[in-house]
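Q: Below are the sequence and a predicted model for it; my questions follow.
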Amino acid sequence: MRKLERKQFKALGFIEVLIAIVVVGIVSAVFLSISGRAMKDLIQAERLEYMARLAKNGMNVAQEVANREKANVVTTPETNYFPDVPGLCYIPLKEETGVGVVYSFEKEPESSNNFVSYSNDNFDRKSVVDHILESRLEDSYLTGEDYFVLMCIENIDTENIQWANVKFRVGDTKVRGEKTNDSDVKDFIYYAVIEL
């Protein structure tokens, strides 16, 4: 009878080991899925933080352009550096020169005074992304080809206090920009006031 009891105990030990292996495997799978989700959230938060930085850079560029126009109004009043039409969005640029960096807004190739613009009310994201991806100015964009930055003028006062209430729209060119989830990142909106 003793030999039979020993075999039963050995069999029970083997089953316990198998159960422990299965439990460890399940727990490991749960921890891996949790860490995978945490990594996705971390990457998403990093992308949104980068978009916020791009929007703040766009605000600094717009203020620099407005300051340049304010400084040049006396010497060359016909020069238009800062766009001033409410309801439209404009693309800020940085141009490397031999002296340093010059900031501006993208103008149409045929004209030195007409800015490239997009409607703020009926915003067509696809045309903006297509323009940026097809343009030869990728080195001049604040973001390269991966993101876009637009300054949209909500309203403007050029007579009394001289300010522009603007919003900066930053988007990833590789996604639709409709909602933030696993496969999409909503366009980032940053509101600012530019002193003219």
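A: Great, that's in hand. Numbering: from 1, shown residues only.
Q: where do the helices sit along the chain?
A: 2-72, 125-134 (DSSP state H).
Q: Can you list the neighbours in contact with stretch 151-158?
A: For stretch 151-158, the external contacting residues (C-beta atoms under 8 Å, 6 or more residues apart in numbering) are 58, 62, 83-92, 105, 120, 163-169, 191, 196. Where you see a C-beta, it was placed from the backbone N, CA and C, and this is true even at glycine.
Q: Just the ones of the residues you listed in strands?
A: Judged by DSSP state E, the contacts of stretch 151-158 include 88-90, 92, 105, 163-169, 191 as members of strands.
Q: Report the buried members of these.
A: Those of those that meet the buried threshold are Leu88, Cys89, Tyr90, Pro92, Phe105, Ala164, Val166, Lys167, Phe168, Arg169, by 16 or more other C-beta atoms under 10 Å.
Q: closest to Asp139 among those?
A: Closest approach to Asp139 among these (C-beta to C-beta): Pro92, at 13.9 Å.
Q: ok, so what distance separates the residue nearest the centre of the chain from Glu154?
A: Nearest residue to the geometric centre of the chain (C-alpha atoms, centre = their mean): Met51, 3.2 Å. As judged by C-beta to C-beta, to the nearest Å, Met51 and Glu154 stand 19 Å apart.
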